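>>> quick one, what's the 3D model for this:
(3 chains)
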Amino acid sequence: MGIEEKAGDLGIITTTLDAAVNWGRTNAMWPMLFGLACCAIEMMAAQAADYDLSRFGMEINRASPRQADLMIVAGRVSRKMGPVIRQLYDQMSDPKWVIAMGDCASCGGVYNNYAIVQGVDEIVPVDVYVAGCPPRPEALIHGIMMLHEKVRREKLAPRKKELDVASGRPVFRLESGGTEVREAVGVK
Amino acid sequence: MALTNATVRETLQTRFGAGILETSEFRGDLTLTLDPQALVPVALFLREAPELQYILLSSVTGVDYYGREPRFEVVYHFTALEHGHRVALKVGANEIDPHVPSLAPMFPTANYQEREIYDMFGIIFDGHPDLQRILMPDEWDGFPQRKDQPLVYEEVAFTFNHDAIDAQKPYADK
Amino acid sequence: MAIAEPRPHISLPPVASAPVSTGAFPSGQAIAAAASEMQVPSPRQIVAANKRRIQNDPTGEGSMVLNMGPHHPSTHGVLRLAVELAGETVLQLAPDVGFLHTGIEKTMESKTYQKAVVLTDRTDYLGPMINNLSYALAVEKLLDCEIPPRAQVARVLFSELTRLNSYLVWLGTHALDLAAMSVFLYCFREREYLLDIFELVSGARMMTSYIRPGGLAYDLPAEFKPTVQRFLDIMPGHIDEYEALLTENPIWKERTVGVGTINAVDALAVGMTGANLRASGVAYDVRKLFPYSGYEQYDFKLITGTHGDTYDRYLVRIAEMREAVKIAQQALDNLPDGPYATSDRKIWPPSKEEITYSMESLIHHFKLWTEGFKPPVGDAYVAVESGRGELGCYVVSDGSNKPWRVHFRAPSLINLQALPHMAKGRIFGDLIAMIASLDPVLGEVDR
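Okay, the predicted model is just below:
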């Protein structure tokens, strides 16, 4: 099974460095254990027996941001939690990705009020948004697979969504191709 | 002796008389509106009097009756586990300087609940061991559950008003 | 090979089976005496106490403050604990909550009574149907309306299924925290059956909004009975399975027996309710003392513990899972036919069929979905027994179509106040077991 069958017994395979590295990154993408609210329960369900997230090399949830590649923001982000999330994101080592799981993390969901940040993308750059309240485990797995697709297409050139050197603020890549420095939303 | 609304009301009225400003019954629930000075003695009496024994202070909560004086009201629900009976106490607090005596030193269960009411309504509980915000961040300005505080952080975004909302975002002037 | 004898340092006798109730309540005087000793410090006080201790300690050993959370695997969400440690021993600790504050109560004030149901699901997200029920009962008390028997029985049935759902997550995560991974996988396997049932009736796995003021959102589907029956048939066997893994497991007992002990008087002083209180020997269950939705007609035991430690809380919850299966079975057997919601057209809309031929029904339908109903001026407090304790809902009506104030008496928040008392003087590792056995849901703590 796998690459050695296709390659026969030549002993040598040739590929691009991008493909090899991205293959490695997608097959052992360790999420950070970051449950906030209801979605965290569905994230746990996705890791449990029925849905079995370990099929994707993702069964190990790291409690420490230093050891994680992927932050799944599972649940609503309050204004009190916002700075904590940003700090954890900053502590993760590169390369790192973010999935906003559920409506609350994506856009505030049903809580359009004083307490909730209207989408975690005001604080950290998000790669994949998963809709649902809460999303089914299948939806989360679909989101993760979409992220894998995205990662496979990445180049080894430095990712552009890191911090702006001058201001220390996150740089966002825009649809138009340009970049934009945004101010992280803290607590008033 | 099983507790009924009538017996509890009579017992408290004979003992505290003027401390009880008003009694009412709605859907079979007894509610006593108290003078703030009478709150602590009544609460202790409810818990410790041998014939009452309301040993569980179930719930403490605040209500903002905006436009009425006293504007704020703190509601206490006591449960008598022996007799299966509940009684509610209400204490008013005025708008300018809302103060209510704290039950937290005598009823540890009221500690967090009174902090929550302070956090949400700005009612000061006199005698609370450590009255500070509990749910909102410490630096928060205002008391969010007051009726004159706005609920909404931002409008719901549709295609027609998306740009207007984006212009109000913190990153808009960059 | 024989299982090892209990270790000598475990002082409490091992409990063989579910303990029996003593039935007596502590007196108010005893609670008053204990209350002055109890304290619920705040993080700020912990830091100040630590500074004082360092200054006054001539040896220079002193203590340290460790922040546990808000991002920590064993705090079950976003709970922060400021723990003052001397070596491995907890001197004192203070929970810091609010990291998940969602403004649910304020948001409900801006929605009509029917629309606010959606938000109740999301407070205690492990027991959505019980939250729906507490809110629905409070609004129905304001309205003073009658609920048909089919809805009453279905409400009891769903309360118990939700309780099972909640306890399964508790057991799975509790065991996971104490390093028993397989229990977590088993519990979530059974939970999927329950979620399938919820999805069958409401269309959603977790956020069901199924129990609404006036009745149920929809009628029960035809395949409902056999599906639930299949689940109730297999569930007792699965509970045996969990017990076989844990109840007599020496590692499990060593981590839980005698850990986080709280006696009945202290538990009542901090206002603990639910299985946590019952494990301390106080026979208080809202279903027995203030029966709602016809709970008085069901035959079930009120389970209480004797020691009030983590192991007793485990035993009580396991026994309550069996009772929940029993109640659900009785409800399923006696599920009557008939309407699933009240016939009062001022509260519940008419069927689509009726609208096609009755002008009056059309007007009712239109008025209900545009304006909603208007309960009379007043306030109502209704408590139900949730997976965590007495879940009270206090609703104030000002006579308009929106609630003036909704407050949830959150058992998780109030149970959490017992943690500083439990953990004092224990080692740090035990703290993990205590948090898990208190079973707080942070969504409910912060609302």
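>>> before we move on, what SS does the residue in the stretch 201-350 of chain C positioned nearest to chain B have?
As assessed by Cβ to the nearest Cβ, chain B sits closest to C:Gly271 within the stretch 201-350 of chain C, at 2.8 Å. The way it works is simple: take the backbone N, C-alpha and C, and place the C-beta from them, glycine included. What DSSP: H, G, I helix; E, B strand; the rest coil gives for C:Gly271 is coil.
>>> give me the neighbour count for it.
Counted with other Cβ atoms under 10 Å in any protein chain shown, residues neighbouring C:Gly271 total 29.
>>> ok, and the closest non-adjacent residue to it?
Leaving aside its chain neighbours, C:Gly271 sits nearest to B:Thr109 (2.8 Å; criterion: Cβ to Cβ, 6 or more residues apart in numbering or on different chains).
>>> ok, so what distance separates that neighbour from chain A?
24 Å (Cβ to the nearest Cβ, to the nearest Å).
>>> show me what contacts that residue?
Contacts here follow Cβ atoms under 8 Å, 6 or more residues apart in numbering or on different chains; on that basis B:Thr109 touches B:Leu57, C:Ala269, C:Val270, C:Gly271, C:Ile414, C:Gln417.
>>> if we can go back for a sec, just checking, the residue of the stretch 201-350 of chain C closest to chain B touches B:Ser58?
Yes. C:Gly271 lies in contact with B:Ser58 (Cβ atoms under 8 Å); the separation is 7.3 Å.
>>> which stretches in the chain count as helices?
Since no chain was named, I'll use chain A. Here chain A has its helices, by DSSP state H, at A:3-6, A:17-27, A:38-47, A:82-91, A:102-107, A:137-152.
>>> ah, I was thinking of chain B
So, for chain B - with DSSP H - the helices run B:5-16, B:39-48, B:110-121, B:162-167.
>>> for the last one, buried residues please.
Of all the residues in helix B:162-167, not one is buried under the rule 16 or more other Cβ atoms under 10 Å in any protein chain shown.
>>> circling back: gap between the residue nearest to C:Gly271 and C:Gly389?
The gap separating B:Thr109 from C:Gly389 is 12 Å, by Cβ to Cβ, to the nearest Å.
>>> pull the contacting residues for C:Leu335.
C:Leu335 touches C:Arg150, C:Val153, C:Ala154, C:Leu157, C:Leu220, C:Lys225, counting by Cβ under 8 Å, 6+ apart.
>>> these in helices, which ones?
C:Arg150, C:Val153, C:Ala154, C:Leu157, C:Lys225.
>>> from what I can see the second one touches C:Gln297, true?
No. Under the criterion of Cβ under 8 Å, C:Val153 lies out of contact with C:Gln297, with a separation of 9.1 Å.
>>> between these two, which has more neighbouring residues?
C:Val153 (21 against 13).
>>> centre of the chain to stretch C:229-245, how far?
How far stretch C:229-245 lies from its chain's middle: 21 Å, per Cα atoms, centre = their mean, to the nearest Å.
>>> now tell me what touches that stretch from outside.
C:164, C:171, C:175, C:180, C:182-183, C:186-187, C:190, C:193-194, C:197, C:318, C:321-322, C:325, C:328-329, C:332.
>>> all strands of the stretch 201-350 of chain C, in order?
C:211-212, C:215-216 (DSSP state E, counting those that start in this stretch).
>>> save these as TSV, and put in distance to C:Gly443, mean neighbour count and mean pLDDT too.
Shown next, in TSV, are the strands of the stretch 201-350 of chain C (distance: least, Cβ to Cβ, whole Å; neighbours: other Cβ atoms under 10 Å in any protein chain shown; pLDDT from 0 to 100):
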stretch	distance to C:Gly443	mean neighbour count	mean pLDDT
strand C:211-212	18	27	91
strand C:215-216	24	25	89
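>>> nearest to chain A, of the ones you listed?
strand C:211-212 (16.3 Å).
>>> which residues sit against the closest one?
C:Gln114, C:Val117, C:Met129, C:Asn132, C:Leu133, C:Ala136, C:Arg155, C:Phe158, C:Ala217, C:Ala341.
>>> go on, stretch A:143-160?
By Cβ under 8 Å, 6+ apart, stretch A:143-160 touches A:17-19, A:21-23, A:25-26, A:29, A:53, A:56, A:58, A:70, A:94-95, A:97, A:99, A:101, A:127-130, A:135, A:171, A:173, A:179.
>>> tell me which residues in it are buried?
Buried residues in stretch A:143-160, counted by 16+ other Cβ under 10 Å: A:Gly143, A:Ile144, A:Leu147, A:His148, A:Val151.
>>> low pLDDT regions in the chain?
With no chain named, the answer covers chain A. By pLDDT under 70, the low-scoring segments of chain A are A:1-12, A:59, A:156-165, A:167-188.
>>> sorry, should have said chain C
Residues of chain C that meet the criterion pLDDT under 70 lie in C:1-23, C:58-61.
>>> low-confidence regions, chain B specifically.
B:1, B:153-158, B:169-174.
>>> bridged to the residue nearest in space to the middle of chain A, which residues?
The structure's chain A has its C-alpha centroid closest to A:Val98; by Cα atoms, centre = their mean the separation is 2.3 Å. Counting by DSSP bridges, A:Val98 is bridged to A:Met71.
>>> so it sits against A:Ile123, correct?
No. Checked against Cβ under 8 Å, the pair A:Val98 and A:Ile123 is beyond contact range at 9.7 Å.
>>> which neighbours do the two share?
A:Tyr89.
>>> burial count for C:His364?
Quick note: C:His364 (other Cβ under 10 Å) scores 20 neighbours.
>>> check the one 4 residues further on too.
Neighbours of C:Leu368 under the rule other Cβ under 10 Å: 20.
>>> residues making contact with the helix or strand encompassing it?
Using DSSP states H and E, C:Leu368 sits in helix C:359-370. Outside helix C:359-370, the residues that touch it by Cβ under 8 Å, 6+ apart are C:Gln114, C:Arg345, C:Lys346, C:Ile347, C:Trp348, C:Pro349, C:Pro350, C:Glu354, C:Ile355.
>>> make it 7 Å
With Cβ atoms under 7 Å, 6 or more residues apart in numbering or on different chains as the test, helix C:359-370 has contacts from C:Arg345, C:Pro349, C:Pro350, C:Glu354, C:Ile355.
>>> how close does the second one sit to C:Ser343?
When distances are taken as Cβ to Cβ, C:Pro349 and C:Ser343 turn out to be 11 Å apart.
>>> re earlier: so of the helices of chain B, which one's packed in deepest?
With neighbours taken as mean count of other Cβ atoms under 10 Å in any protein chain shown, the helices of chain B reach their highest mean count in helix B:110-121, at a mean of 26.
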